[in-house]
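S.K.: fold the following for me, if possible:
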Amino acid sequence: MLVIAGVLRNVELGHSVVFSHDIFEEWALCETLIRHRANSATFLRDTGEPQHLIRPVQLLGTYLLETETTPEVWQGLIEEVAAPDLRPVWQRAVLLSCLQSTRTTALLVGLTSYLLADDAQMLRKLMLALRTIEVVPNTRFLNEAETPDIELANRAKYANITAKPRITVWIHFLD
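M.R.: Here you go, the predicted model:
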């Protein structure tokens with residue numbers, strides 16, 4: 001099934017690959033979301049908005065951008081998951097999905113009018129999400145040997161304040 005979907009490719013028979021995360025789980029959950037995409041908000045509500053669906057929702061957004069001929073379906077998903085009774089994380093996940101493609105630059109060009117509408121409201125949301133989510137905490141502050149004078153309660157705060165951009169995503173956005 002993964003080979004048919006193009007998630008796995010046979011390069012050499014007998015060759016094995018180790019993934020840094022469970023790509024099969026994300027793929028399977030994304031496939032479930034694709035089947036329920038007509039009622040994505042209802043699906044999220046019915047499942048209790050579990051954290052482990054954030055990345056699959058992001059993959060759904062990327063899928064829609066890459067497979068639909070116009071961005072309106074993706075935009076509709078953003079509006080649907082922005083329902084007041086759903087957590088804002090879902091809208092952020094879909095919004096950031098435009099930065100998860102190898103075709104990010106072309107996708108952003110196609111989304112320009114949407115992102116700049118209403119005094120660039122969606123672009124502002126995208127930039128805020130990029131600034132807060134697509135970063136890597138500064139591990140220097142998490143290491144007591146390197147920063148012995150910082151109290152335990154403040155370590156995570158400083159690590160996040162001095163976080164560094166996840167460079168590949170930021171390059172795609174800035175490009």
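S.K.: sec struct for residue 148, please.
M.R.: Following DSSP: H, G, I helix; E, B strand; the rest coil, the label given to residue 148 is coil.
S.K.: contacts only, for residue 60.
M.R.: 30, 33, 34, 37, 40, 77, 94, 97 (CB atoms under 8 Å, 6 or more residues apart in numbering). From N, CA and C alone the C-beta is placed, and that goes for glycine too.
S.K.: out of those residues, which are inside helices?
M.R.: Among the contacts of residue 60, the members found in helices (DSSP state H) are 30, 33, 34, 40, 77, 94.
S.K.: ok, residue 47 - contacts?
M.R.: Residue 47 touches residue 53, counting by CB under 8 Å, 6+ apart.
S.K.: and the pLDDT for it?
M.R.: Note on residue 47: pLDDT of 94.
S.K.: which helices and strands does the longest helix out of those in the chain pack with?
M.R.: In the chain, assigned by DSSP H, the helix with the most residues is helix 104-133. The contact analysis (3 or more CB pairs under 8 Å, 6 or more residues apart in numbering; DSSP states H and E) places helix 104-133 against helix 72-81, helix 89-96, helix 167-174.
S.K.: return the most buried member of those helices.
M.R.: Among the helices and strands packed on helix 104-133, ranked by average contacts under mean count of other CB atoms under 10 Å, first place goes to helix 89-96 (a mean of 23).
S.K.: on that earlier part again, redo the helices and strands packed on helix 104-133 as CSV? Include distance to residue 154 and mean pLDDT.
M.R.: Formatted as CSV, the helices and strands packed on helix 104-133 follow (distance: least, CB to CB, whole Å; pLDDT from 0 to 100):
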stretch, distance to residue 154, mean pLDDT
helix 72-81, 34, 96
helix 89-96, 25, 96
helix 167-174, 26, 87
